[in-house]
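Peer 1: Curious how this folds, go ahead:
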Amino acid sequence: MMATYVAASVHVKPDTELSFHAYPEDDRVTVDLGQVPGAVTLFLPRSEIDRLAGVLAEARESLSVPSVKAAA
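Peer 2: Numbering: from 1, shown residues only. Below is the predicted model:
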């Protein structure tokens, strides 16, 4: 089977709508970022929810760590 890949970007701002829908029978959720026509939907099986949460927590933490710049 041939795979198809698409890249999409969304700037999440304070007024960006964020929501999710649970599909317990499939053990997954969808997470919606934004609204049509500029929406992105993530399809996440249960096993990937914690992984995404971990990446977001690490990203947030990286903003709290002071950057060290090398001297020129």
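Peer 1: alpha carbons only for contacts and neighbour counts from here, please
Peer 2: OK.
Peer 1: Next one, pLDDT for the residue nearest in space to the middle of the chain please.
Peer 2: Centroid-nearest residue in the chain, with Cα atoms, centre = their mean: residue 52, separated by 6.5 Å. Model confidence at residue 52, given as pLDDT, is 94.
Peer 1: Use 26 as the first number from now on
Peer 2: Sure thing, new numbering starts at 26, so read that last one as residue 77.
Peer 1: Where does it sit: helix, strand or coil?
Peer 2: What DSSP: H, G, I helix; E, B strand; the rest coil gives for residue 77 is helix.
Peer 1: What distance do you get for it to residue 67?
Peer 2: Here the criterion is Cα to Cα, to the nearest Å. By it, residue 77 lies 10 Å from residue 67.
Peer 1: one step back: for residue 70, see how far away the residue nearest to the centre of the chain is.
Peer 2: Going from residue 77 to residue 70 by Cα to Cα gives 11 Å.
Peer 1: low-confidence ranges in the chain?
Peer 2: When residues are selected by pLDDT under 70, those of the chain lie in 26, 92-97.
Peer 1: could you redo the last one with a cut-off of 80?
Peer 2: When residues are selected by pLDDT under 80, those of the chain lie in 26-27, 29, 61, 63, 90-97.
Peer 1: So which residues of it form helices?
Peer 2: Listed in chain order, the helices of the chain (DSSP state H) span residues 71-87.
Peer 1: partners of residue 43 in the sheet?
Peer 2: Residue 43 has these beta-bridge partners by DSSP bridges: residue 58.
Peer 1: Isn't it up against residue 55?
Peer 2: No. Applying Cα atoms under 8 Å as the test, residue 43 and residue 55 come out as separate, 10.8 Å apart.
Peer 1: and residue 42, what does it touch?
Peer 2: 57-60 (Cα atoms under 8 Å, 6 or more residues apart in numbering).
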